[in-house]
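Engineer: fold the following.
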Amino acid sequence: MVTDSRAASSDGAVRPVDAPAPVKVREGSNGKPQAVRIGRRWHKAVSITNRWHLGPDEWWTEHQLDRLYFTLRLEEGRPFTVFQDLLTSQWYSQRA
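Structural biologist: Numbering: from 1, shown residues only. Reported below is the predicted structural model:
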């Protein structure tokens, strides 16, 4: 969290940095993402370049979380990071 520079400095307002945003994901039969919808268009994931898990035992968070992250290489060549919240099964995009 960082101080919101648009707010008066005396009010202590904060805003999240790189907050996750809901995203639509097409999964393969193995549960891995195969495509993501960005705007009105679906983008095929040609590869998964990284995969990691943040589980319920993370010491640094006060909220329970269980997330499976993927860095995808999209068909146009750019990387795109998504995660599935394993507690809700919802998908989110996350800037890496």
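Engineer: list the buried residues in stretch 62-76.
Structural biologist: Within stretch 62-76, the residues that qualify as buried are Arg67, Leu68, Tyr69, Phe70, Thr71, Leu72, Arg73, Leu74, counting by 16 or more other C-beta atoms under 10 Å. Heads up, the C-betas are built off the backbone N, CA and C, glycines and all.
Engineer: surely Arg95 meets Asp18?
Structural biologist: Yes: here Arg95 reaches Asp18: they are 4.5 Å apart, a contact under C-beta atoms under 8 Å.
Engineer: quick check: neighbours shared by these two?
Structural biologist: Overlap between the contact sets of Arg95 and Asp18, as judged by C-beta atoms under 8 Å, 6 or more residues apart in numbering, is nil.
Engineer: how about Thr71: what's its closest non-neighbour residue?
Structural biologist: Asn50 (4.0 Å; C-beta to C-beta, 6 or more residues apart in numbering).
Engineer: quick check: the one you found vs Arg41, distance?
Structural biologist: Asn50 sits at a distance of 24 Å from Arg41 (criterion: C-beta to C-beta, to the nearest Å).
Engineer: neighbour count: those two, which is higher?
Structural biologist: Asn50 (12 against 8; other C-beta atoms under 10 Å).
Engineer: surely the more buried one is in a strand?
Structural biologist: Yes: assessed with DSSP: H, G, I helix; E, B strand; the rest coil, Asn50 lies in a strand.
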